[in-house]
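Engineer: Please work out how this folds:
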Amino acid sequence: MLSYFLRRLAVALGLVWVIVTLVFLIIHMIPGDPVEMLLSQGGVPADPGLVEEMREQMGLNRPLLDQYWAFLVELSRGGLGKSMIDEHSVVDEVALRLPRTLELIGAAGLISFLIGVPLGALAALRRGKLTDRLLSTVSGALISTPVFVTGTLVILILAQQLRLIPAGGYVPFAQDPLKHLGMLLLPAGTIALGLSSIVLRMTRSAVLEVLARDFIRAAHAKGLAPQRILWLHAVRNALVPVVTVFALQLGTMLGGTVLIEYVFNWPGLSGYLVRAVDARDYPEVTGIVLVVSVLFVMLNLLVDLLYAALDPRVRHG
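Structural biologist: Residues are numbered from 1 along each chain as shown. The predicted model follows:
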């Protein structure tokens, strides 16, 4: 297991380096001068002298290779630079907002897994029956519905008409735990609607495949209880592909919660990214994209290790 972990870790570190390089190059290939945009007021061109002075201060007039090396040195020290707009530390801003986005994704993932796996197993057990058809229809409808439509409907029904929970906003957990959880429930539940449908369909397909294998027939022949066969044998063996897809979906949501955070006014990392892109703030955009990309790579590494733990054959492949 240790050798497998070291191999996967080496691949992950190589991917991180490639991502760092690509992000640096892509950001610097974007047309337009961020300094001129920053100094221009109301469409009035910026003073060329001020533009050149700021470019000198930020190192943007240095050769690209020198900028790349300085960028790597800054990263090695744990820094992501300062905002061009207000000179706040990008690391501090990311550290403030990233936990909120991770909390949102984590809550949505937990809800979707707790809903999707049991319902997927139930659909597989009732294959071709009314329960299976109903679950497949509902899950298909939820997957095909855009998240901002689902979020708007959830706010309209649960928050405005029924007034069960707040429509949006954010309160720190330490300030008011119950209100914090109440405000977290709507955006996390909205994300979980679509994600649980994906988990449901993947679980149903995987369980059906496992139920057709010889060891399941042998378990039936031994007289084991159907529920025991389903949960201890079928679902357990079906979790390998389900966990893989589930984790990759969570990774995708790291950069895909923009609309949810906007609709529910949740002050996470995605909203920060939108502001940075709109202002053409290179350090902020670079820092956010790097953090999200590295988290995605690390999540894939975790999935590989979990995959190997669930199926020992993977370690020796």
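Engineer: can we go C-alpha only for contacts and neighbour counts from here?
Structural biologist: Noted.
Engineer: Verify the stated contact: residue 88 with residue 94.
Structural biologist: No: contact between residue 88 and residue 94 fails when scored by Cα atoms under 8 Å: they sit 10.7 Å apart.
Engineer: What average pLDDT does stretch 56-64 get?
Structural biologist: The pLDDT scores in stretch 56-64 average 74.
Engineer: can I get the CA coordinates of that stretch in PDB?
Structural biologist: The C-alpha coordinates for stretch 56-64 follow below in PDB (Å, rounded to 0.1, in the frame of the first residue of the first chain):
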ATOM      1  CA  GLU A  56       7.600  48.300 -12.400                       C
ATOM      2  CA  GLN A  57       6.300  47.800  -8.900                       C
ATOM      3  CA  MET A  58       4.400  44.600  -9.800                       C
ATOM      4  CA  GLY A  59       7.200  43.200 -11.900                       C
ATOM      5  CA  LEU A  60       5.000  43.000 -15.000                       C
ATOM      6  CA  ASN A  61       7.700  44.600 -17.200                       C
ATOM      7  CA  ARG A  62      10.200  41.900 -16.400                       C
ATOM      8  CA  PRO A  63      10.800  39.000 -18.900                       C
ATOM      9  CA  LEU A  64       8.200  36.200 -18.600                       C
END
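Engineer: What are the neighbouring residues in contact with residue 252?
Structural biologist: By Cα atoms under 8 Å, 6 or more residues apart in numbering, the contact set of residue 252 is residue 296.
Engineer: Doesn't it lie inside a strand?
Structural biologist: No: with DSSP: H, G, I helix; E, B strand; the rest coil as the criterion, residue 252 is located in helix rather than a strand.
Engineer: Need the pLDDT of it.
Structural biologist: 73.
Engineer: Residue 179 now?
Structural biologist: Residue 179 is assigned a predicted lDDT (pLDDT) of 87.
Engineer: Where in the chain is the helix or strand with the lowest mean pLDDT?
Structural biologist: Among the helices and strands of the chain, helix 34-39 carries the lowest confidence by mean pLDDT, DSSP states H and E, at a mean of 65.
Engineer: coming back round to it: among residue 88 and residue 94, which residue is more densely surrounded?
Structural biologist: residue 94 (19 against 13; other Cα atoms under 10 Å).
Engineer: Relative to residue 169, how far out is that one?
Structural biologist: Separation of residue 94 from residue 169 (Cα to Cα, to the nearest Å): 19 Å.
Engineer: ditto for residue 21
Structural biologist: 36 Å.
Engineer: So which residues of this protein form helices?
Structural biologist: For the chain, applying DSSP state H gives helices covering 2-29, 34-39, 48-58, 64-76, 90-125, 130-144, 147-154, 177-211, 214-221, 226-228, 235-253, 258-263, 269-279, 282-310.
Engineer: and the ones you listed, which is most packed in?
Structural biologist: Greatest average neighbour count among the helices of the chain goes to helix 177-211 (a mean of 22), per mean count of other Cα atoms under 10 Å.
Engineer: could you give the angle of that helix to helix 147-154?
Structural biologist: Inter-element angle recorded for helix 177-211 and helix 147-154: 120 degrees (by axes from the mean of the first three to the mean of the last three Cα atoms, to 10 degrees).
Engineer: Show me what helix 177-211 packs onto, helices and strands only.
Structural biologist: helix 90-125, helix 130-144, helix 147-154, helix 235-253, helix 258-263 (3 or more Cα pairs under 8 Å, 6 or more residues apart in numbering; DSSP states H and E).
Engineer: And the ones you listed: which comes nearest residue 275?
Structural biologist: Minimum separation from residue 275 across the helices and strands packed on helix 177-211 (Cα to Cα) falls at helix 258-263, 11.0 Å.
Engineer: Kindly reformat the helices and strands packed on helix 177-211 as CSV and extend each row with distance to residue 3.
Structural biologist: Compiled in CSV, these are given as follows (distance: least, Cα to Cα, whole Å):
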stretch, distance to residue 3
helix 90-125, 30
helix 130-144, 39
helix 147-154, 41
helix 235-253, 21
helix 258-263, 38
